[in-house]
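Novice: Got a sequence here, can you model it:
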Amino acid sequence: MLDVSATNQLIRAAKSGDNAAKERLLTENANLIKSIVRRYLNKGVEYDDLYQLAGLGLLKAINGFDESFGVRFSTYAVPMIAGEIKRFMRDDGSIKVSRAIKADAKAINGFVDEYSAAHGRQPTIKQIAERFAMPESQVVFTMGSQHMPVSLSSQGEYKDEATGELIDRLPSEDRQDDMIDCIQLKSAIEELDERDKKVIMLRYFRDMTQSEVAAYLGVSQVQVSRIESRILGRFKKQLAN
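Specialist: Next up is the predicted model:
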């Protein structure tokens, strides 16, 4: 890992047209780039494209960095890298759902309609997962993808988004502490068992009430409340350590 002096020396060389210095800076900051890219996955842009955008942001940070700023280059580069990705997503104008997910969602919708007509009620998440041979958490994500907003400039469609454009909900700056917390939170979610993961995804990524989650999972609202409280308590302890 490069120290401040070596980094600044490479930046000076890169600004003077040294391509090898630029490549070295890109390589040395690969982990930083990847950690930022992960924040924007599953939003309709492929990983390789996100990485290229992040690399472009790093190059812009190199060109704009001034040692007199009195900050580390990585601190300066984080908002530049994230900003490049955000600008692309804003200018592109939409959050696209992949064709595969759209196809799965359409098939699931058809099954739900058929089952509801035959049984007078909707199938549970478990029944859908068994029908399509996929994890229950994937079923939740696929069904939720149908409710994703199609434009960052549109009004939010959920009950807590009555005013303001979706682009305004994106943070205007990225601090390294926030980035680390996001990475830790993602890791904590991945460690949950299947049922707990579904509860968190439905509550906080699909904006469903506890009662709606309970109906989806075929359990009581009290059970959902207890599961949610336990998980949030666990998250707070993990993020505090």
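Novice: can I see the domain layout of the chain?
Specialist: 4-92, 173-241 (automatic domain parsing).
Novice: okay, and the helix or strand of this protein with the least pLDDT?
Specialist: Within the chain, no helix or strand scores below helix 176-190, which has a mean of 53 by mean pLDDT, DSSP states H and E.
Novice: Tell me the first helix or strand C-terminal of that helix.
Specialist: Once helix 176-190 ends, the next helix or strand along the chain (criterion: DSSP states H and E) is helix 194-200.
Novice: What is the subsequent helix or strand relative to that next one?
Specialist: Next helix or strand after helix 194-200 toward the C-terminus (DSSP H and E): helix 210-217.
Novice: From the contact counts, what lies against the helix or strand following that next one?
Specialist: With elements assigned by DSSP H and E, the helix or strand that comes after helix 210-217 is helix 221-240. Under the contact definition 3 or more C-beta pairs under 8 Å, 6 or more residues apart in numbering; DSSP states H and E, helix 221-240 sits against helix 176-190, helix 194-200, helix 210-217. Yep, even glycine has a C-beta here, placed from its N, CA and C like the rest.
Novice: Could I get the buried residue list for the second one?
Specialist: Think helix 194-200. 196-200 (16 or more other C-beta atoms under 10 Å).
Novice: do the same with the last one
Specialist: Taking 16+ other C-beta under 10 Å as the basis for neighbour counts, the residues of helix 210-217 that come out buried are 210, 213-217.
Novice: With distance to Ala100 added, can I get those residues in JSON lines?
Specialist: Output for the buried residues of helix 210-217, formatted as JSON lines (distance: C-beta to C-beta, whole Å):
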{"residue": "Gln210", "distance to Ala100": "31"}
{"residue": "Val213", "distance to Ala100": "25"}
{"residue": "Ala214", "distance to Ala100": "29"}
{"residue": "Ala215", "distance to Ala100": "27"}
{"residue": "Tyr216", "distance to Ala100": "22"}
{"residue": "Leu217", "distance to Ala100": "25"}
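Novice: coming back round to it: kindly reformat the buried residues of helix 194-200 as a markdown table containing distance to Glu23.
Specialist: Output for these, formatted as a markdown table (distance: C-beta to C-beta, whole Å):
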| residue | distance to Glu23 |
| --- | --- |
| Asp196 | 43 |
| Lys197 | 39 |
| Lys198 | 44 |
| Val199 | 45 |
| Ile200 | 40 |
